[in-house]
Every structure is written in structure tokens, then in C-alpha cells.
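Asks: Fold the following.
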Amino acid sequence: MDYENYIWDLGGTLLDNYESSSHAFAATLWSMAERVVLRTDVYDALKVSTAYAVEKYASDLPGFLEEYKKLEAEELEKPILFSGAKKVLTDLSVKGNKNFMISHRNHQVLTILSAAEIDSYFTEVVTSDNGFKRKPAPESINYLLNKYKLNPKKTVMIGDRPLDIEAGNAAGISTIYFDSSTDSTLSGQAINTVSDGSLNSKPTHIIHQLTEIIL
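Replies: Down below sits the predicted model:
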């Protein structure tokens, strides 16, 4: 892929966190309300967004999000990257490309990147502490485009959720949808979800392995 600037999402894109996050979410539901929800259902909800999962399963539990985030942070003390993540970041950096990150997490994301030993690859990491509207709003992408004078035609947003693709498209840059599912049925559903034909959700590329980026 012929791009100069790569703007990454973290969770579900570089960081293989949905299993641990789903476990933390379900455990918090049980501890606060003895409520049982299938981990697979929680996983699917979190893939949409954390806010969606909370609204669906814990909207009546004050303080749930805070407790969930505390437990999730413990789970993420030993982050697991998707296969090929470090190789892709290394190869892009060696070639002189720039890597950026936009995450909905707060400054905790910096600790995660350091623990995963990939923090040095990023020119800048934008977190919720920056105060921009959350994706799919394009504010955080536009901030990077303007600050670093990035060529939109040579810049791409990489993520695993429709909101990542919508944000990139709204900012006028190319997009890569990362579908990590190994189940062909789930993979097909994911592609249909993100490529629903609308201008805001159709990705420029769809990949199933991160290393496809450097082919």
C-alpha cells in the first residue's frame, strides 16, 4: 500500500484486547449486580463501542463504567498484540513513514504502548485527554493533518470498527478496515456491516492480516 502516513486505532487493531475486555466487562456485571451475560455477546457489543455495551447491559448500574475500566486496566497490564503488529510498525518506520495513533482511552494508552514495547514507533498519540470529539467525528484526524501538514491523499486511517472508517472518510483520507475474524461467517458479517454502501462507512481497503499493509 502506497501511503506515507498511517493513523492507527489501538484496541482491536494493534492490540488484541477484546477477549480480556469482555472478561473484565462480564466480571464487573457479576460483581455489581450478579448479572450473567454471555462473553460472546459482550464481545460483539464492545466491537460496536464501549458506550453501546454499557447502554445495552449496564445502563441501570451507576458507576459501572468506572469499575469496568479499573478491572480492564488490570487485564491490560500485559498487553497482547495482533500477529505482525510490531513487524508492520517496524517496516513502516524503517521506510520513513510516519505512524500516529488515535484512541478513545485516556493517558493509560501510553502505558499500554510502553508495556507492548511499541511506543517509540509513534510520532504522536492522541487520547481522550486531548479533548476532541470521539470517532466517528473527524476532529482528531484533522488535528493531525493540520499539525503535521500531512497530505490527505497519502494518509490512511486503520481500524477494526465502522466508526474508524467513518472518521477517516469524513476527514477525506483513505481507510483500512482490519477484520481479524478467523470465522468465515463472522468475517462476512463484519464486511457487510462496514461496507453497507454508504459514503461514510465504506473502507478503501479490507485486510485480514496486518502484514497485508506492507505487501
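Asks: residues contacting the residue lying farthest from the centre of the chain?
Replies: In the chain, the residue that sits farthest from the middle, by Cα atoms, centre = their mean, is Glu34; the gap is 29.4 Å. Counting by Cβ atoms under 8 Å, 6 or more residues apart in numbering, Glu34 touches no other residue. The way it works is simple: take the backbone N, C-alpha and C, and place the C-beta from them, glycine included.
Asks: remind me which residues of this protein are low pLDDT?
Replies: Confidence mapping of the chain against pLDDT under 70 gives the ranges 182-200.
Asks: Pop the domain breakdown of it in here.
Replies: 5-16+81-214, 18-75 (automatic domain parsing).
Asks: Could you report the neighbour count for Glu124?
Replies: As a burial measure, Glu124 scores 15 neighbours (other Cβ atoms under 10 Å).
Asks: what's across from it in the sheet?
Replies: Beta bridges link Glu124 to Phe100 when assigned by DSSP bridges.
Asks: check contacts around it.
Replies: Glu124 makes contacts with 100-101, 144, 147-148, as judged by Cβ under 8 Å, 6+ apart.
Asks: Just the buried subset of the residues you listed, please.
Replies: Taking 16 or more other Cβ atoms under 10 Å as the criterion, what is buried in those is 100-101, 144.
Asks: Among the residues you listed, which one sits closest to Ala73?
Replies: Checking the buried ones among the contacts of Glu124 against Ala73 by Cβ to Cβ gives Met101 as the nearest, at 17.8 Å.
Asks: Next secondary structure element downstream of the helix or strand hosting Ser21?
Replies: Ser21 is part of helix 18-33 when elements are defined by DSSP states H and E. Moving toward the C-terminus from helix 18-33, the next helix or strand (DSSP H and E) is helix 39-48.
Asks: and that next one, which residues are buried?
Replies: Across helix 39-48, burial judged by 16+ other Cβ under 10 Å covers 42-47.
Asks: list the buried ones in the first helix or strand past that helix going along the chain?
Replies: Per DSSP H and E, the first helix or strand lying C-terminal to helix 39-48 is helix 50-57. Buried residues in helix 50-57, counted by 16+ other Cβ under 10 Å: 50, 53-54, 57.
Asks: Stretch 22-40 too?
Replies: Buried residues in stretch 22-40, defined by neighbour count with 16+ other Cβ under 10 Å: 22-29, 37.
Asks: Now compare the residues you listed and name the two farthest from each other.
Replies: Spatial extent of these (Cβ to Cβ) is set by the pair Ala24 and Val37 at 12.5 Å.
Asks: Now do the strands in the protein.
Replies: Taking DSSP state E, the strands of the chain run over residues 5-8, 98-102, 122-126, 155-159, 174-178, 205-207.
Asks: Could you export the ones you listed as CSV, including distance to Glu67?
Replies: CSV is the format used below for those (distance: least, Cβ to Cβ, whole Å):
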stretch, distance to Glu67
strand 5-8, 28
strand 98-102, 26
strand 122-126, 26
strand 155-159, 27
strand 174-178, 29
strand 205-207, 35
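Asks: my guess is Leu10 meets Arg105, correct?
Replies: Yes: the criterion here is Cβ atoms under 8 Å, and Leu10 meets it with Arg105 at 7.0 Å.
Asks: Need the overlap of contacts for the two.
Replies: Both Leu10 and Arg105 are contacted by Ile112, under the criterion Cβ under 8 Å, 6+ apart.
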